[in-house]
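Asker: what's the 3D shape of this:
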Amino acid sequence: MAASGASSGLAKWASELAKGVHGYWANGRWTPLAISARRRAKIRKETLLSGGEWTYDAERKEMKTFLKGHKVDRLAEQKRAKTVELMEKMPQMLAEMKKRRLERTLKAKTEK
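Answerer: Numbers count the residues shown, from 1 in each chain. Predicted coordinates for the structure are as follows:
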C-alpha cells in the first residue's frame, strides 16, 4: 500500500521537486518549493522503501581535510623542521657572508 502512495505522491510532486532541492530562483527572487520539507521527506522515504530511485537530493560537498585548532599549533612543527634545516646550512651561509664582506672591503680599498 505504501508503494502505491509513494508513486502517486512522487508523480504528483515530480515537477515541483525537479525545480530544486529546497527552492529555486524565479524572476530574480528566491522561491521555496510548494511542497513542505516534511512531506518531501515522507515521499522520499516511501519511494526508497518501495525500491524506487530518488534523484532529487542535493550534491554532497567535499569534506574538509584539515583539523580545527589554532594556526600556531598547526604550523609549529613545520617551523621547527625549517629551523633544523637552516641550522644545518648555517656554517656554509656564514662562510659565504664572510667571503662577500671580504670582497666588499677589498673592493672599497682598491677604489680609494
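
Asker: what helix or strand does the most centrally placed residue in the chain sit in?
Answerer: In the chain, the residue lying closest to the centroid (C-alpha atoms, centre = their mean) is residue 64, at 5.2 Å. Here residue 64, judged by DSSP states H and E, is contained in no helix and no strand.

Asker: what are the phi and psi values for it?
Answerer: Dihedral angles of residue 64 (phi, psi; degrees, to the nearest 10) stand at phi -70, psi 140.

Asker: Show me what the helix or strand encompassing residue 31 is packed against.
Answerer: Using DSSP H and E, residue 31 falls within strand 29-32. Under the contact definition 3 or more C-beta pairs under 8 Å, 6 or more residues apart in numbering; DSSP states H and E, strand 29-32 sits against strand 23-26. (C-beta placed from N, C-alpha, C; glycine too.)

Asker: Please enumerate residues in contact with the strand it packs on?
Answerer: Contact with strand 23-26 is made by 30, 31, 32, 33, as judged by C-beta atoms under 8 Å, 6 or more residues apart in numbering.

Asker: now the first one: how far from residue 14?
Answerer: Residue 30 sits 21 Å away from residue 14 when distances are taken as C-beta to C-beta, to the nearest Å.

Asker: Next: the last one.
Answerer: As judged by C-beta to C-beta, residue 33 and residue 14 stand 12 Å apart.

Asker: Which one's more surrounded, the two?
Answerer: Neighbour totals were compared for residue 33 and residue 14, and residue 33 leads with 17 against 11 (other C-beta atoms under 10 Å).

Asker: Other residues contacting the strand holding residue 31?
Answerer: By C-beta under 8 Å, 6+ apart, the surrounding residues in contact with strand 29-32 are 22, 23, 24, 25.

Asker: From those residues, pick the one nearest residue 110.
Answerer: Closest approach to residue 110 among these (C-beta to C-beta): residue 25, at 75.9 Å.

Asker: Please name the bridge partners of that closest one.
Answerer: Beta-bridge pairing for residue 25 (DSSP bridges): residue 30.

Asker: count of residues packed around it?
Answerer: For residue 25, using other C-beta under 10 Å, the count is 10.
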